[in-house]
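Participant: here you go, sequence then predicted model.
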Amino acid sequence: QKEVEQNSGPLSVPEGAIASLNCTYSDRGSQSFFWYRQYSGKSPELIMSIYSNGDKEDGRFTAQLNKASQYVSLLIRDSQPSDSATYLCAVNYDKAAGNKLTFGGGTRVLVKP
Amino acid sequence: ETGVTQTPRHLVMGMTNKKSLKCEQHLGHNAMYWYKQSAKKPLELMFVYSLEERVENNSVPSRFSPECPNSSHLFLHLHTLQPEDSALYLCASSQGLGDSPLHFGNGTRLTVT
């Protein structure tokens, strides 16, 4: 059973601070990693993808991947109240077999003004 | 209409009813998916269609029956459901399989009484 684990939170962050979210996965052969954001009552939307070890930055978001330790993280800099949402980590264990993502349970982030 | 549209948004059905969920994507994608999101559980992949052919059935009970008549439309036919099938059912599409980003619809909130 391939698993993706996240702390469910809530992660409470003051406005302007850095929110740090972590995700671990069980299969060492995993190839592709994604972060989705889901507002309450809405559908998930992709915010970051990362495929190789290291950091990837996009605006206020930075994804970090460490395949040896089997974790992927998401940093949100200068957090805003509009960043309050649930963040879902997703792993594609075998992209050759198709786009079949395994999702974690999500981390709820609450940014307080 | 843009993106991925799901109807109905809410559905209440008895265990003996037959109903269908509809999904339509206006993105020109050629792969479509059904996901289930239950309270306090991760998103679960149910079915994957690529070029109107089913490429994945993730051990879903036969009371859920998918149909993909063309690359823009996806249905989920429901019959003799159980109360534990109550959940948010999300449709998604992507351009091909592999690592193409998933674009989700807003979901159908299903309650089985």
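Facilitator: Thanks, I have it.

Participant: quick one: low-confidence ranges for the chain?
Facilitator: Going with chain A. Low-confidence segments of chain A, defined by pLDDT under 70: A:95-98.

Participant: meant chain B, my bad for not saying
Facilitator: B:1-2.

Participant: what residues does it have near chain A?
Facilitator: B:4, B:31, B:33, B:40-45, B:48, B:50, B:55-56, B:58, B:90, B:94, B:96-107 (CB under 8 Å from any CB of the partner chain). Yep, even glycine has a C-beta here, placed from its N, CA and C like the rest.

Participant: tell me which entries of the residues you listed lie within strands.
Facilitator: If you go by DSSP state E, the residues of chain B next to chain A have B:4, B:31, B:33, B:44-45, B:48, B:50, B:55-56, B:90, B:94, B:103-104 in strands.

Participant: PyMOL command for the buried members of those residues?
Facilitator: Buried subset of those, written as a PyMOL selection, criterion 16 or more other CB atoms under 10 Å in any protein chain shown:
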select buried, chain B and resi 4+31+33+44+45+48+50+56+90+94+103+104
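
Participant: A helix includes residue A:82, no?
Facilitator: Yes: under DSSP: H, G, I helix; E, B strand; the rest coil, residue A:82 sits within a helix.

Participant: okay, now it: neighbour count?
Facilitator: Under the neighbour criterion other CB atoms under 10 Å in any protein chain shown, residue A:82 is assigned a count of 8.

Participant: same question for residue A:52.
Facilitator: For residue A:52, the count of nearby residues is 10 (other CB under 10 Å).

Participant: list the residues that contact residue 109.
Facilitator: Using chain A. By CB atoms under 8 Å, 6 or more residues apart in numbering or on different chains, the contact set of residue A:109 is A:9-11, A:13, A:19, A:21, A:76, A:79, A:83-87.

Participant: not what I meant, chain B
Facilitator: Going by CB under 8 Å, 6+ apart, the list of residues near residue B:109 reads B:9-11, B:88.

Participant: one more time with 7 Å
Facilitator: Counting by CB atoms under 7 Å, 6 or more residues apart in numbering or on different chains, residue B:109 makes contact with B:9-10, B:88.

Participant: mind putting those residues into JSON lines with secondary structure and neighbour count?
Facilitator: Converted to JSON lines, the contacts of residue B:109 look like this (DSSP: H, G, I helix; E, B strand; the rest coil; neighbours: other CB atoms under 10 Å in any protein chain shown):
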{"residue": "B:9", "secondary structure": "coil", "neighbour count": "10"}
{"residue": "B:10", "secondary structure": "strand", "neighbour count": "9"}
{"residue": "B:88", "secondary structure": "strand", "neighbour count": "17"}
